[in-house]
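Visitor: below is the sequence, then the predicted model.
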Amino acid sequence: MNPAAGRYNRLSRGTRQRVAYDNGFIWEIARAIDYPPDTTGRPNTHPLWVYYLWMILIHEYGSSRKVEEAFEDKAHGPWPHIRQTAQRELTDKPPLIPPADPPSRNQFNYALKHHLPAHTETITSIIRNRSQRLAAALGLGTDTAPGSISRPSTQRVAYGDVTVMTARSKILPKHARVVDETTGEIRHRRHDPDIGLHTTGGGNVIPGLPYAFTHIRGPRRNEQVILAIDPITPDGPTEGNIVVDQYLQAAQHLPGLVGYAYDRALRGTHLDRLLKAGHIGLVGVHKTKGKPPDRYHGQETHHPNTGPPRPVDIHLVAGAPHIRTHDVDGNQHFTALTLRRINKRINNTDQTVRLSAEYDGPTPTGGPDGYIRIRLDQTAEDKITGYNRPEHLRAFPETHQTFNTIQKPLRASAESANRYIDDHHPRERLHHYGFQRNTLSMLAWQAHQNAQTETIFAQHPLPHPEPLSQTG
């Protein structure tokens, strides 16, 4: 499909429905998942991939009941076309071709309860790996994309956010057990055992399940790829660690990535992980009572064009380095430093990465004179002194032009993606109960959205998938 064919690069409803059941994501999943070996019980009438396709179609039709209605419509429904595409894609594996009769909703619910959750890791690996290959095919996060670590572009910067999906039931687990005070009857109301109360960005407290997303987008309208989706469980890693893991895993397959745009939920310990991997964090500094921090950094070395190096006092104002001087009365004066470039050095012995920001050294007349180089990641000396360098120092502070042209638009895109997925769900509520089933549903959403992006923008077939053992 020609990307310039439509004004907004969108698909018609009929095309979206076709793409939902005929895309590379579902065919890779079809070849990878199967029922557990079992010689007892009633034999399964449909291959397991059909029921995961059902989950993808839920996001297009709106509910499981509507998917069943569409399957039962033999004259105009999608089931005959699904069988035809399966015969085309799975000719070498006849057992994976479904029978003429479509599955029922009861069969889907049984597969979702007993079989699909066991393949969550496999499905995650397949969808995540193909999403990364799709981004590379679009030229996103690759060395061919414009920009560099010193002058990043949106095609080289991933971005993410957490959205709290409202649960199907508002009843919290602790309120599920109800005792009638008159009769003593004990009733258990239907509820989601995994939900909790979460405060959204707007300040609303809702019962739901939080999910972390990482995206990357291109310059064309609606050219967006969801790279990863993970649940944030009470007993699992924190939000910051999850999204950094998502980014670093994507960076292994997208070598052109240079940075990650996120909100202030990423603190110094998370940003240091990015820096030590050779990537920058486009994140604002944490504010106290609405005010950005203002603190003394320490001494750095000014290397002038002529004369010996000399130490200068560096003070951080909202994450931006300034030279601090004192007048005869002892009053402090700050001179902002102008960023020249970001230096990336890789140790050939242990392959460790050192990132430093290089600034123009000022002169009394205001012109540049040599350079001042400041290390960005946590150093061994910082650990001894207790100075949390990544928490306070920013390569691109909020006053820098790059922050305004890269971070802010990508953050707005992340909020828009959250709004879109909320609006796409009926009454803005999840389709299923529990983290296991809803994680599969979120992965189906990722496959559904990326398949549409692939249909509109990808000009060539994606390269053959790597073995699952290498995709993580």
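Guide: Ah, there it is.
Visitor: just say helix, strand or coil for the closest residue to Thr200 other than its chain neighbours.
Guide: With sequence-adjacent residues excluded and distances taken as CB to CB, 6 or more residues apart in numbering, Thr200 is closest to Val164, at 5.7 Å. Backbone N, C-alpha and C define where each C-beta goes, glycine included. When the structure is split into helix, strand and coil by DSSP: H, G, I helix; E, B strand; the rest coil, Val164 lands in strand.
Visitor: which ones are touching Val164?
Guide: Shown here is Val164, whose contacts under the criterion CB atoms under 8 Å, 6 or more residues apart in numbering are 198, 200, 206, 208-211.
Visitor: can you lay out those residues as JSON lines showing secondary structure, pLDDT and distance to Pro409?
Guide: Formatted as JSON lines, the entries for the contacts of Val164 read as follows, by DSSP: H, G, I helix; E, B strand; the rest coil; pLDDT from 0 to 100; distance: CB to CB, whole Å:
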{"residue": "His198", "secondary structure": "strand", "pLDDT": "81", "distance to Pro409": "26"}
{"residue": "Thr200", "secondary structure": "coil", "pLDDT": "75", "distance to Pro409": "22"}
{"residue": "Ile206", "secondary structure": "strand", "pLDDT": "83", "distance to Pro409": "27"}
{"residue": "Gly208", "secondary structure": "strand", "pLDDT": "86", "distance to Pro409": "27"}
{"residue": "Leu209", "secondary structure": "strand", "pLDDT": "89", "distance to Pro409": "28"}
{"residue": "Pro210", "secondary structure": "strand", "pLDDT": "91", "distance to Pro409": "24"}
{"residue": "Tyr211", "secondary structure": "strand", "pLDDT": "93", "distance to Pro409": "22"}
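Visitor: just put these in TSV and tack on neighbour count.
Guide: Conversion of these to TSV gives the following (neighbours: other CB atoms under 10 Å):
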residue	neighbour count
His198	18
Thr200	16
Ile206	17
Gly208	24
Leu209	24
Pro210	19
Tyr211	24
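Visitor: give me the buried stretch members for the helix or strand containing Ile127, please.
Guide: Secondary structure here is read from DSSP states H and E; on that basis Ile127 sits in helix 120-137. Of all the residues in helix 120-137, those buried under the rule 16 or more other CB atoms under 10 Å are 123-137.
Visitor: and that helix, what does it pack onto?
Guide: Under the contact criterion of 3 or more CB pairs under 8 Å, 6 or more residues apart in numbering; DSSP states H and E, helix 120-137 touches helix 24-32, strand 224-231, helix 239-253, helix 434-457, helix 468-471.
Visitor: what about Val162, how many residues nearby?
Guide: Other residues near Val162 number 22, with proximity taken as other CB atoms under 10 Å.
Visitor: ok, it - contacts?
Guide: Val162 touches 210-213, 232, 239, 243, 265, counting by CB under 8 Å, 6+ apart.
Visitor: check the gap between it and Ala250 for me.
Guide: Here the criterion is CB to CB, to the nearest Å. By it, Val162 lies 17 Å from Ala250.
Visitor: swap in Ile226?
Guide: Using CB to CB, one gets 11 Å for the distance from Ile226 to Ala250.
Visitor: which neighbours do the two share?
Guide: Common neighbours of Ile226 and Ala250, using CB under 8 Å, 6+ apart, are Thr214.
Visitor: between the two, tell me which one has more neighbours.
Guide: Set side by side, Ile226 and Ala250 give different neighbour counts by other CB under 10 Å, the larger being at Ile226 (26 against 22).
Visitor: can I assume Asp369 sits in a helix?
Guide: No: per three-state DSSP, Asp369 lies outside any helix segment and is strand.
Visitor: ok, now which ones touch it?
Guide: By CB under 8 Å, 6+ apart, Asp369 lies in contact with 304-305, 360-363.
Visitor: not counting its neighbours along the chain, what's nearest it?
Guide: When the adjacent residues along the chain are set aside, Asp369 lies closest to Thr363, with 4.2 Å between them (CB to CB, 6+ apart).
Visitor: spell out the secondary structure type for the closest residue to Tyr296 other than its chain neighbours.
Guide: Excluding its sequence neighbours, the residue lying closest to Tyr296 (CB to CB, 6+ apart) is His315, at 5.5 Å. Remark: His315 carries the secondary structure label strand [criterion: three-state DSSP].
Visitor: do Pro234 as well
Guide: For Pro234, the assignment made with three-state DSSP gives coil.
Visitor: neighbours around it, how many?
Guide: When neighbours are counted by other CB under 10 Å, Pro234 registers 8.
Visitor: re earlier: most neighbours among the contacts of Asp369, which one is it?
Guide: Greatest neighbour count in these, by other CB under 10 Å, goes to Gly361: 24 neighbours.
Visitor: residue contacts, that one?
Guide: When contacts are counted by CB under 8 Å, 6+ apart, Gly361 is found next to 302-304, 368-372.
Visitor: looking at this, it is in a strand?
Guide: Yes: with three-state DSSP as the criterion, Gly361 is assigned to a strand.
Visitor: mind listing what the spatially closest residue to it that is not a sequence neighbour touches?
Guide: Using CB to CB, 6+ apart and skipping residues adjacent in sequence, the residue nearest Gly361 is Gly370, 4.2 Å away. Taking CB under 8 Å, 6+ apart as the criterion, Gly370 is in contact with 302-305, 360-361.
Visitor: which of the residues you listed sits closest to Asp350?
Guide: Distances from Asp350 to those, taken as CB to CB, are shortest for His303 (26.8 Å).
Visitor: counting neighbours, what do you get for that closest one?
Guide: The burial count assigned to His303 is 15, neighbours taken as other CB under 10 Å.
Visitor: my guess is it contacts Ile372. True?
Guide: Yes: applying CB atoms under 8 Å as the test, His303 and Ile372 come out as touching, 7.3 Å apart.
Visitor: the helices and strands packed on helix 120-137: lowest mean pLDDT?
Guide: The weakest mean pLDDT among the helices and strands packed on helix 120-137 belongs to helix 468-471, with a mean of 42.
Visitor: isn't there a helix covering Gly201?
Guide: No: following the definition three-state DSSP, Gly201 is coil and is not counted among the residues of a helix.
Visitor: can you report how many residues neighbour it?
Guide: Residues near Gly201, counting by other CB under 10 Å: 12.
Visitor: tell me the pLDDT at it?
Guide: Gly201 is assigned a pLDDT of 70 by the prediction.
Visitor: which residue comes closest to it once chain neighbours are left out?
Guide: Sequence neighbours aside, Glu415 is the residue nearest to Gly201 in space, at 7.6 Å (criterion: CB to CB, 6+ apart).
Visitor: output stretch 350-365 as PDB, restricted to C-alpha atoms.
Guide: These are the backbone C-alpha positions of stretch 350-365, laid out as PDB (Å, rounded to 0.1, in the frame of the first residue of the first chain):
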ATOM      1  CA  ASP A 350      35.700  -4.800  29.200                       C
ATOM      2  CA  GLN A 351      33.400  -3.000  26.700                       C
ATOM      3  CA  THR A 352      32.100  -0.600  29.400                       C
ATOM      4  CA  VAL A 353      30.700   2.700  28.100                       C
ATOM      5  CA  ARG A 354      31.500   6.200  29.300                       C
ATOM      6  CA  LEU A 355      29.300   9.100  28.400                       C
ATOM      7  CA  SER A 356      30.400  12.600  28.900                       C
ATOM      8  CA  ALA A 357      29.000  16.000  27.900                       C
ATOM      9  CA  GLU A 358      31.400  18.500  26.400                       C
ATOM     10  CA  TYR A 359      30.700  22.200  26.800                       C
ATOM     11  CA  ASP A 360      32.200  25.400  25.400                       C
ATOM     12  CA  GLY A 361      34.500  27.000  28.000                       C
ATOM     13  CA  PRO A 362      33.500  30.600  28.500                       C
ATOM     14  CA  THR A 363      35.800  33.700  28.400                       C
ATOM     15  CA  PRO A 364      35.400  36.900  30.300                       C
ATOM     16  CA  THR A 365      34.100  38.500  27.100                       C
END
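Visitor: cool, thanks, talk later.
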